[in-house]
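Undergrad: Next comes the sequence, and after it the predicted model I'd like to discuss.
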Amino acid sequence: MVKILISAAETSSDVHGAELLKALREAAHAAGQEVEAVGIGGPKLREAGLRVVVDAKELLAMGFSEVLVHLPRILGALNKITRIARQERPDLAVVIDYPDFHFRLARRLRKFGTPVVYYIPPKVWVWRKRRVRLLRDLFTRVLCIFPFEEAFFKSEGLDVKYVGNPLLDELPLGMSRSEARSGLGLSMEDSVLVLMAGSRSSELDQHLELMLDAALEAAERLHNSGFHREGTALKVLLPFALTTDYSKILRRVESWKMSRTPPAFFQLFPAQGNSARALIAADAGLIKSGTSTLEAALLGCPHAVIYKAGQVTTWIFERFIRYRGPVGLVNLVARKAKGDSPLVREILLDEVTVQSLADEAVRLLSDDEVRARMRHGFQELRKRLESADGQSPSRAAAVELLKIAAQSPSRPIHGSWLVRSGSFLWSGASRLVRFGVRLGLLKPARLPCRVVSVGNIQAGGTGKTPIVAQIAREAANRGLNVCILSRGYRGEWERTGGVIRPGEVSASAMKCGDEAALLHELAPHAWIGVGADRERQFKAVEMQSEKPIDLVILDDGFQHWRLHKDLEIVAVTSASGREVLFREAESALRRANLVVWTKGDRDPAAREAALRLNIPFLKSRFELSVPPQTGSLWLISGIAENFGSAGSELEASMRRAGLSIARHLKFEDHARYDYGQARSILDEASRAGCRVAITGKDWVKWRELGIKRSELIVLEPRLVLNEERQKLWNHILWAN
């Protein structure tokens, strides 16, 4: 499984990202792999299978003042996608266009060790060239879409690859004008103008009504000049992106029509989507600056590039931005590639008036020679953008991305010096503590009852929590008053302390941490003292319990020295020191009374150490208690084993239970979720015809979001021993 984070915050980026994701899935499938994708996107990426955690609509702002107005929302989206990346640890992140946001995101992702690839980089070869340094410093590789960009970026020291222009994959380049017009109910004799006012609300505010007024004036001039035959009309196509609020736009269009009362020779055709068909069908267009202008050129639509900004943006641009060249993609590419004069007229900022737009619309519609010259230039432009080897641009980009993901430093590095060094330092600190205890410098406190410790020598992922719960249940069945002492990692009580009483309906994972909340779910008849100071929390339990405590179970207690322990149980897995971080070496098992092998297929090194030290060693496995299921499941897990090198014991347990996993969404251990994220997963799984299965550790957090248990399959693990091993377990655990 290759996990990829995709961030596409604009309408055009959403389309490019969707084609890229389709190509990624196809290329991965051909290599025997699967791709899981999460991130920022719109309807196209969602349809292609992206798990959208931030909707692109939240980021649609352009221009200085527009960005300032939406800054809190943009920063909120940045924080959210950063948190998702930290939780899910993607093998690779791909960002598309939208540079200022993505520079900040890349800076954060690099801190996690996630490779970040820029697909469709900003046009730094036009202006703000200083951003080249950011591209060089923050991105693992740049995938560019214009042939001349590769040489430019290489000269600046970037790792760059030209993959072709994705519009060549996305546009219906083989559709004829007659076919396009037929699909729109137009004849070949009609005079057709297309207006594209933008996708962001700020762009629509600046362009929509102004373009409509200009089109109406152009229609009146053409009618008065006799250009149109009597009884004919100028057909004005008005396509809008899928990311827009179409019902709101329609209300604006209807309001405009009521205020202008257009004559019969002016006919308006608004629609959502299908802009490519409109561009092919049109004789000419007025098009807001952006990717749409390049689409228009590739589809052969003569047009003018329009861009009107707010007053603040216009003032800043005119006074502080020194760039005075073309801004339309068509002119930029034509000039850079060949040094041609502009192919299309650009009407920008204060030049944008009803009069200037109407003038250009009339010129384009009435001058056959102008349109022919543009179309010839567009054909030359298209030839320049076509890939020399004929490979699909999206497929070429996908192949490059999978190569980078395969080398991802965010994956566990077998035998890495970092893992071994971390284990060495942690183990050294543990040795110092034990040495202090032996010398009497550190004195463990004795509790007035038996204390059983359940811990591990590796950093998480051993399944100790179900063992603690199983001991607590067995003790309760024997009539003992049981107290579990848990740290409450990442909960409020880790610092302040708190007590979960037996029989409470549920425990808040936000307060007590997910492990303590899960322990209460699995062993509801036990007291649970939560907090870093275990002795203090035992006393808090004693004060609230009417009966004396008979047994204390110390959760994650093998390295805990502050309390005296009567029995030490250590859970181990097949993972080696090259695969996961270890708190202590196998030699530390000499302090154990029982070693339980919980996960993995190959013999752990701890087995040999236990036999050498004459310590009882039990092989066990986990079974899941779930009702019979048909169909595939989406599995959600935020557990330590997710990012180790060994296989997933959770997946193996599900297969043993006869469950089929369609997708496994992996999050970091102790991951925190929000309602939108959880609901998005449930909705997408439902659309895929699957139910969602979730670990108990994650369920105790999802239920606090308002998710109902009936919407999920909650996986509850149970430790299974054969009869002989169960006798040994009972003898050691319950011996007087």
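TA: Looks like it came in fine. Numbering: from 1, shown residues only.
Undergrad: could you list every residue that touches Glu704?
TA: The neighbours of Glu704, taking Cβ atoms under 8 Å, 6 or more residues apart in numbering as the test, are 508-510. All C-beta spots, glycine's among them, are computed from the backbone N, C-alpha and C.
Undergrad: Show me which helix or strand of this structure is least confident by mean pLDDT.
TA: Counting by mean pLDDT, DSSP states H and E, the weakest-scoring helix or strand in the chain turns out to be helix 64-69, with a mean of 53.
Undergrad: residue ranges with poor pLDDT in the stretch 551-700 of the chain?
TA: Low-confidence segments of the stretch 551-700 of the chain (pLDDT under 70): 577-579, 627-630, 643-647.
Undergrad: would you list every one of the helices in it?
TA: If DSSP state H, counting those that start in this stretch is used as the criterion, the helices of the stretch 551-700 of the chain fall at 605-612, 649-656, 675-687, 696-702.
Undergrad: Does anything pack onto the third one? Which helices or strands?
TA: Packing contacts for helix 675-687, counted by 3 or more Cβ pairs under 8 Å, 6 or more residues apart in numbering; DSSP states H and E, involve strand 51-55, strand 632-637, strand 691-695.
Undergrad: Next up, the contacts around Pro502.
TA: Counting by Cβ under 8 Å, 6+ apart, Pro502 has contacts 524-527.
Undergrad: Inside helices: which ones of the residues you listed?
TA: Among the contacts of Pro502, the subset assigned to helices under DSSP state H is empty.
Undergrad: so can I have TSV of these showing neighbour count, distance to Glu36 and pLDDT?
TA: Listed next are the contacts of Pro502 as TSV, based on neighbours: other Cβ atoms under 10 Å; distance: Cβ to Cβ, whole Å; pLDDT from 0 to 100:
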residue	neighbour count	distance to Glu36	pLDDT
Pro524	19	35	95
His525	15	39	95
Ala526	26	37	96
Trp527	25	41	97
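Undergrad: out of those residues, who's nearest Gly488?
TA: Minimum distance to Gly488 across these is 13.9 Å, recorded for Trp527 (Cβ to Cβ).
Undergrad: Verify the stated contact: that closest one with Ser486.
TA: No: Trp527 is beyond contact range of Ser486, at 10.9 Å (criterion: Cβ atoms under 8 Å).
Undergrad: Output the contacting helices and strands for the helix or strand Met510 falls within.
TA: Using DSSP states H and E, Met510 maps to helix 509-512. The contact analysis (3+ Cβ pairs under 8 Å, 6+ apart) places helix 509-512 against strand 498-500.
Undergrad: Check which helices and strands the strand it packs on is in contact with.
TA: Looks like strand 498-500 contacts helix 509-512, strand 527-530, helix 534-544 (3+ Cβ pairs under 8 Å, 6+ apart).
Undergrad: okay, the angle between the next helix-or-strand element following the first one and strand 691-695?
TA: Spelled out, it's helix 509-512. Heading C-terminal from helix 509-512, the first helix or strand you meet, by DSSP H and E, is helix 514-522. Interaxial angle, helix 514-522 versus strand 691-695 (axes from the mean of the first three to the mean of the last three Cα atoms, to 10 degrees): 110 degrees.
Undergrad: Which strands and helices lie in contact with helix 514-522?
TA: Contacts defined by 3+ Cβ pairs under 8 Å, 6+ apart place helix 514-522 against helix 464-477, strand 482-486, strand 527-530, helix 696-702.
Undergrad: Would you mind naming the residues that bridge with Phe622?
TA: Beta-bridge partners for Phe622, by DSSP bridges, are Leu719.
Undergrad: wait, doesn't it sit right on Ser653?
TA: Yes: the pair formed by Phe622 and Ser653 meets the contact definition of Cβ under 8 Å, at 5.2 Å.
Undergrad: is it true that Ala271 touches Pro239?
TA: Yes: look at Ala271 against Pro239 with Cβ under 8 Å: they come within range, at 5.4 Å.
Undergrad: Which of those two has more residues huddled nearby?
TA: Between Ala271 and Pro239, counting by other Cβ atoms under 10 Å, Pro239 is the more crowded of the two (22 against 14).
Undergrad: Now tell me what touches stretch 236-247 from outside.
TA: Here stretch 236-247 makes contact (Cβ under 8 Å, 6+ apart) with 11, 14, 42-44, 56-57, 60, 184, 192-197, 199, 201, 204, 212, 215, 219, 249, 253, 266-275, 278, 281-282.
Undergrad: first to last residue in that stretch, what's the distance?
TA: 19 Å (Cα to Cα, to the nearest Å).
Undergrad: which residues touch Trp634?
TA: Residues in contact with Trp634 (Cβ under 8 Å, 6+ apart) are 661-665, 681, 685, 688, 690-693.
Undergrad: sorry, back to before: could you name every residue contacting both of Ala271 and Pro239?
TA: Counting by Cβ under 8 Å, 6+ apart, the shared contacts of Ala271 and Pro239 are Ala278.
Undergrad: ok, back up a step: from the contacts of Trp634, keep the buried residues only.
TA: 661, 663-665, 681, 685, 690-693 (16 or more other Cβ atoms under 10 Å).
Undergrad: Take the residues you listed and lay them out in TSV including distance to Val541.
TA: Below are those laid out as TSV (distance: Cβ to Cβ, whole Å):
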residue	distance to Val541
Ile661	40
Arg663	41
His664	38
Leu665	37
Ile681	37
Ala685	40
Cys690	42
Arg691	38
Val692	35
Ala693	34
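Undergrad: before we move on, the earlier item: any chance of the helices of the stretch 551-700 of the chain in TSV, with distance to Leu105 too?
TA: Listed next are those as TSV, based on distance: least, Cβ to Cβ, whole Å:
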stretch	distance to Leu105
helix 605-612	41
helix 649-656	30
helix 675-687	17
helix 696-702	25
